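Asker: Build me a structure from this.
(one chain, ligands or ions: 1)
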Amino acid sequence: MVRFLTAGESHGQGLVIIVEGIPAALPLTEDYIGAQLARRQRGYGRGGRMLIEQDRAHIISGVRHGLTLGSPIGMTIENKDWVNWQEPMSVGPVEAEVKRVTRLRPGHADLAGTMKYGFHDVRNVLERASARETAARVAAGSVSLRLLEEFGMELHSHSIAIGGNWASIDGPIDWQQVEESPVRCADPEMAGRMMAAIDEAKEAGDTVGGIVEVVATGVPIGLGSHVHWDRKIDGRIAQSLMSINAVKAASIGEGWESVNLRGSQVHDIIAPVDDPSRPWQRDTNRSGGTEGGMTNGMPLVARFAIKPISTLVNPLPSVDLDTGELVQAHYERSDVCQVPPAGVIGEAVVAQVLADAFMEKFGGDSIEETRRNYEGYLKTVGPRKSIFGMGR
Ligand SMILES: Cc1cc2nc3c(=O)[nH]c(=O)nc-3n(C[C@H](O)[C@H](O)[C@H](O)COP(=O)(O)O)c2cc1C
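Answerer: Numbers count the residues shown, from 1 in each chain. Okay, here's the model as predicted:
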């Protein structure tokens, strides 16, 4: 099982990550993780916080001489902004009276979190509910990504829509171009309109959301399982995407589009092989690489929708936690659009699910053992006659 835990408040000293279940002898460096963290920090529409932070994961356990040990991998990421918050976020009691946050922000964890945990200061909730935590998830997911790469898998993401501007994508995506696009969009003309929409929202003191697609290639057939609801790979991916802050919908393949079509237009025909590198031929991938809760050997394609950020320069009406009276919601330095970084976070959480399902299927305490199991399995994939003869 590949799993991870994160800890840390947005303006606390830093973030802590523990990743467990990675086999021994996987090459892993801080630079590799740092490159993924840097991708998360880029993107048009981000607020001032990203100018302060230059995220760097410091590996403190589970790696020796550049190779994993099979033990839990511990990491920390420093919050550079902490120097400005030492008193309000002090671990120990402080003498001075610290200003409380009491004006509840609609669309945030503020109301439910203060009621549930019995707090009188919304900061006790908003610090952990903040998407600063997603830096820790990208660090954790990049360890999984490293594992998947070792077995020929690649993950990418791109923005499909921002502020109601939809990319038009015809043919293969140039991933290098996506990386260079400030909004991570494969359609250069629409990228310009997306940036204009972000500028207009910013001008109006407002925010915009959008849709992101994550694509994983080289995924072997048979990750996940049809036998139990909680082993189904599509369900696991949806849960991981929905757990990203501000994500309000997730789909696999042409999930939403398929409802308007007939079955004959939706399913991907299985054809005899004319490509010797694959055992089965599918010329379409409308199902997004999963059938029956398992990966089917086609690229895994998952989409998710991100709501516009709730913290507004022109705050919405709300009530004060102390008095219950009408106020304007609290404003705290905020992004205008979080769609571009959400793509990188989406890749990280999908990588974690795939790595978990991969280790569930192939096991192994060292990369070599995992590789033997994986290669042995690949030899069994294909028409039964050509592999086992007809005696079985
Ligand atoms: C990368 C990223 C950055 C975000 N930045 C902000 C922000 O600056 N201000 C804000 O109000 N919400 C931001 N959010 C969204 C909130 O964290 C989220 O809406 C809030 O925690 C409530 O959770 P929910 O929307 O999932 O219900 C961000 C989300 C992501 C993924």
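Asker: low-scoring stretches of the chain, by residue?
Answerer: 48-51, 53, 275-276, 390-392 (pLDDT under 70).
Asker: Dead centre of it: give me the residue that sits there.
Answerer: For the chain, G346 is the residue whose C-alpha lies nearest the centre (C-alpha atoms, centre = their mean; 2.3 Å).
Asker: Could you look up the SS state of that one?
Answerer: helix (DSSP: H, G, I helix; E, B strand; the rest coil).
Asker: Next, work out how far apart it and the ligand are.
Answerer: 9 Å (C-beta to the nearest ligand atom, to the nearest Å). Yep, even glycine has a C-beta here, placed from its N, CA and C like the rest.
Asker: Report the separation between that residue and I237.
Answerer: 10 Å (C-beta to C-beta, to the nearest Å).
Asker: Give me the common contacts of those two.
Answerer: A302 (C-beta atoms under 8 Å, 6 or more residues apart in numbering).
Asker: nearest residue to the residue in the stretch 151-300 of the chain positioned nearest to the ligand other than its sequence neighbours?
Answerer: Distance from the ligand to each residue of the stretch 151-300 of the chain (C-beta to the nearest ligand atom) is smallest for N245, at 3.3 Å. Nearest residue to N245, sequence neighbours excluded (C-beta to C-beta, 6 or more residues apart in numbering): A131, at 4.1 Å.
Asker: surely the one you found meets S243?
Answerer: No. A131 is beyond contact range of S243, at 11.5 Å (criterion: C-beta atoms under 8 Å).
Asker: With neighbour numbers in mind, choose between those two.
Answerer: Between A131 and S243, counting by other C-beta atoms under 10 Å, A131 is the more crowded of the two (19 against 12).
Asker: Enumerate every residue touching that one.
Answerer: By C-beta under 8 Å, 6+ apart, A131 lies in contact with N245, A246, Q338.
Asker: likewise A204?
Answerer: N314.
Asker: Pop out the phi and psi values for it.
Answerer: phi -90, psi 0 (degrees, to the nearest 10).
Asker: Same check on the one 4 residues further on?
Answerer: Reported as degrees, to the nearest 10, the phi and psi values for V208 are phi -130, psi 150.
Asker: That one: what's it in contact with?
Answerer: Applying C-beta under 8 Å, 6+ apart, the residues near V208 are G45, I162, G163, G164, A197, I198, A201, P308, V336, C337, V339.
Asker: re the thing from before, need the contacts of A131 in CSV (columns: secondary structure and neighbour count).
Answerer: Conversion of the contacts of A131 to CSV gives the following (DSSP: H, G, I helix; E, B strand; the rest coil; neighbours: other C-beta atoms under 10 Å):
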residue, secondary structure, neighbour count
N245, coil, 20
A246, coil, 21
Q338, coil, 26
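Asker: could I get those residues as JSON lines with distance to S264?
Answerer: Below are the contacts of A131 laid out as JSON lines (distance: C-beta to C-beta, whole Å):
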{"residue": "N245", "distance to S264": "39"}
{"residue": "A246", "distance to S264": "37"}
{"residue": "Q338", "distance to S264": "39"}
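Asker: for whatever helix or strand D356 lives in, which positions count as buried?
Answerer: Assessed by DSSP states H and E, D356 sits inside helix 339-362. Neighbour-count burial for helix 339-362 flags 339-359, 361-362 (criterion: 16 or more other C-beta atoms under 10 Å).
Asker: and if you look at stretch 145-161?
Answerer: Buried, per 16+ other C-beta under 10 Å, within stretch 145-161: 145-151, 153, 155-161.
Asker: now swap in stretch 229-241 and tell me
Answerer: Buried, per 16+ other C-beta under 10 Å, within stretch 229-241: R231, K232, I233, D234, G235, R236, I237, A238, S240, L241.
Asker: And stretch 80-100, by the same measure?
Answerer: Quick answer for stretch 80-100 (16+ other C-beta under 10 Å): D81, W82, W85, P88, M89.
Asker: Grab the nearest non-local neighbour of the fourth one.
Answerer: The reference is to P88. Closest to P88 by C-beta to C-beta, 6+ apart is V98, at 5.0 Å.
Asker: Likewise for the third one?
Answerer: The shortest distance from W85 to any non-neighbouring residue, by C-beta to C-beta, 6+ apart, is to H11 (4.0 Å).
Asker: Quick check: the gap between the one you found and I233.
Answerer: Distance from H11 to I233, by C-beta to C-beta: 36 Å.
Asker: sorry, back to before: thought the residue nearest to the centre of the chain was touching H158?
Answerer: No. Using C-beta under 8 Å, G346 is not in contact with H158; the gap is 10.2 Å.
Asker: Between those two, which contacts overlap?
Answerer: Common neighbours of G346 and H158 (C-beta under 8 Å, 6+ apart) are V212.
Asker: Name whatever forms a beta bridge with P27.
Answerer: L67 (DSSP bridges).
Asker: I'd assumed R146 was in contact with it.
Answerer: Yes. At 7.4 Å, P27 and R146 qualify as touching, with contact defined as C-beta under 8 Å.
Asker: hang on, the earlier thing: may I see the buried residues of stretch 229-241 arranged in TSV, with secondary structure and distance to P299 as well?
Answerer: Formatted as TSV, these follow (DSSP: H, G, I helix; E, B strand; the rest coil; distance: C-beta to C-beta, whole Å):
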residue	secondary structure	distance to P299
R231	helix	21
K232	coil	18
I233	helix	13
D234	helix	14
G235	helix	19
R236	helix	17
I237	helix	13
A238	helix	17
S240	helix	17
L241	helix	16
